[in-house]
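here you go, sequence then predicted model.
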Amino acid sequence: MNELLFGTHGLDAGVLTSLFLHFGVLSLLAIGGAITTAPDMQRYVVGEHGWLSDAQFTASVAIAQAAPGPNVLFVAVVGWNIAGLAGVAATLTGSLLPSATLALAASRFGDARRKSRGMRAFTAGMAPLTLGLLFATGWILTEPVRNSPGAMLLLPFTVLMLLKTRISPIWLVAVGAAVGALGWAG
Amino acid sequence: MQIFGVFNRLALQGFGGVLAVAQRELVERQRWMTPAQFLELLSLGQVLPGPNIVNMALMIGERFLGWRGAVAALAGLMLAPLLIVLLLAALYRHTMDQPMVAGALRGMGAVAAGLVIATALKLVGALRSNPMGRTTCALFALLTFAAIGVLRWPMAGVVLGLGAAAVALAWARIGR
């Protein structure tokens, strides 16, 4: 029961506060969607603090992708794996509160400035960074499987299927699960 | 309540991202907005930091019912999927020692990586109309990838530093 509520690291107020603050900062940097902050989350929770292993982190993202709903829920799984339900509260509110406040403020502010030079420069300048972040995210997610030929074959297969067909991603995730369960991604 | 219901339904249909389903529900089924309005909100949601679809839901809910609408939209979008994903995560914790489950997660992880890369590739085309030009864009994307993906530098510094340079350059090019 305790593990359910507080996870493997227990109710450590310091851990929870750091999670909330770090994810809160990332929330404001997440231009192009929550998934672009995955590399820095991985660096922070795996590399810097060792709260999760590489495999646990990638599994967290994979679980969230396999479930319905917004991709941002992967931060909830990361929080859950570090510190149970208290961790979920810390990572999810950290990830949502700053950006949600900003979104509502911007919505009220209206779109009067959308065509302004400043706004256009901001959008145009950030676009290539967003792409770079997405590629970095994809690359970091391959970390636990990089020495498995089977899993690395799944990568171009997924990319091709998504680009060339209109198949729903859930079927690709299912293929990945099946291939892995058969032991071909080890 | 209706706002909650609609966002709940579209969230539960969205595997691997909700955007395509959102367009079908909000524009085609509910007719809450025209395609142009949808695109407008989406681009605003993308400029703002944070999860795009969450930003959109908040703005749509707010437009209909003020802050209560925003809360309803957010709850509809997140509540049921959150329960499902936590259930999966709990299941995973009790079965992760089994080689089949561990293998399946490794396979799904590889697919998850492929999905992100494919999404990035789909968006490359959008840079064609970028005022900075293709070469400069490619350079900024590559530098970002190298700093974050290979060198593993902290994101805050990279995004603020490279971002400031890119925005300044775009500003100069637009004014010309």
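Sure, I can see it.

so which helix or strand takes in residue 123?
Going with chain A. helix A:117-141 (DSSP states H and E).

you answered for a different chain; I wanted chain B.
B:Leu123 is part of helix B:99-124, with elements assigned from DSSP H and E.

is the next helix or strand after that helix in proximity to chain A?
Going down the chain from helix B:99-124, the next helix or strand is helix B:134-145, by DSSP H and E. Yes. Against chain A, helix B:134-145 shows contacts by Cβ under 8 Å from any Cβ of the partner chain at B:136-145. Heads up, the C-betas are built off the backbone N, CA and C, glycines and all.

out of those, which end up buried?
Among the residues of helix B:134-145 next to chain A, those that count as buried by neighbour count (16 or more other Cβ atoms under 10 Å in any protein chain shown) are B:136-138, B:140-141, B:143-145.

which member of those is positioned nearest A:Val173?
For these, the minimum distance to A:Val173 (Cβ to Cβ) is 24.4 Å, reached by B:Phe145.

okay but that closest one is in contact with A:Trp139, surely?
Yes. Between B:Phe145 and A:Trp139 there is a contact at 7.4 Å, judged by Cβ atoms under 8 Å.

low-scoring stretches of chain A, by residue?
Segments of chain A classed as low confidence (criterion: pLDDT under 70) are A:1-11, A:32, A:109-114.

returning to what we had before: and of the buried ones among the residues of helix B:134-145 next to chain A, the nearest to chain A?
Taking Cβ to the nearest Cβ as the measure, B:Thr144 is the one of these closest to chain A, at 2.7 Å.

just checking, the closest one touches B:Leu160?
No. Counting by Cβ under 8 Å, B:Thr144 stays clear of B:Leu160, with 12.0 Å between them.

related to what we said a few turns ago, mind giving me the packing neighbours of the helix holding B:Leu123?
Contacts of helix B:99-124 with other secondary structure elements, assessed using 3 or more Cβ pairs under 8 Å, 6 or more residues apart in numbering or on different chains; DSSP states H and E, are made with helix A:54-66, helix A:117-141, helix A:149-164, helix A:169-181, helix B:52-95.

one more time with 7 Å
Secondary structure elements in contact with helix B:99-124, counted by 3 or more Cβ pairs under 7 Å, 6 or more residues apart in numbering or on different chains; DSSP states H and E, are helix A:54-66, helix A:117-141, helix A:149-164, helix A:169-181.

now these as JSON lines including distance to chain B and mean neighbour count?
Shown next, in JSON lines, are the helices and strands packed on helix B:99-124 (distance: least, Cβ to the nearest Cβ, whole Å; neighbours: other Cβ atoms under 10 Å in any protein chain shown):
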{"stretch": "helix A:54-66", "distance to chain B": "4", "mean neighbour count": "25"}
{"stretch": "helix A:117-141", "distance to chain B": "3", "mean neighbour count": "23"}
{"stretch": "helix A:149-164", "distance to chain B": "3", "mean neighbour count": "18"}
{"stretch": "helix A:169-181", "distance to chain B": "2", "mean neighbour count": "21"}
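
now the ones you listed in a markdown table, please, with extra columns for distance to B:Ala118.
Rendered in a markdown table, the data for the helices and strands packed on helix B:99-124 read as follows (distance: least, Cβ to Cβ, whole Å):
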| stretch | distance to B:Ala118 |
| --- | --- |
| helix A:54-66 | 13 |
| helix A:117-141 | 8 |
| helix A:149-164 | 4 |
| helix A:169-181 | 9 |
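
nearest to A:Ser27, out of those helices?
With respect to A:Ser27, and counting by Cβ to Cβ, the nearest of those is helix A:117-141 at 14.2 Å.

which of the three states applies to A:Trp184?
Each residue gets one of three states, and A:Trp184 gets coil by DSSP: H, G, I helix; E, B strand; the rest coil.

quick check: it touching A:Gly150?
Yes. Using Cβ atoms under 7 Å, A:Trp184 and A:Gly150 qualify as a contacting pair, with a distance of 3.9 Å.

the biggest helix by length in chain A versus helix A:54-66: what angle between them?
What stands out as the longest helix in chain A, according to DSSP state H, is helix A:74-109. For the pair helix A:74-109 and helix A:54-66, the angle between their directions (axes from the mean of the first three to the mean of the last three Cα atoms, to 10 degrees) equals 60 degrees.

can you tell if helix A:74-109 touches chain B?
Yes. For a cut-off given as Cβ under 7 Å from any Cβ of the partner chain, helix A:74-109 has contacts with chain B, namely A:76-77, A:80-81, A:88, A:96, A:99-100, A:102-104, A:106-107.
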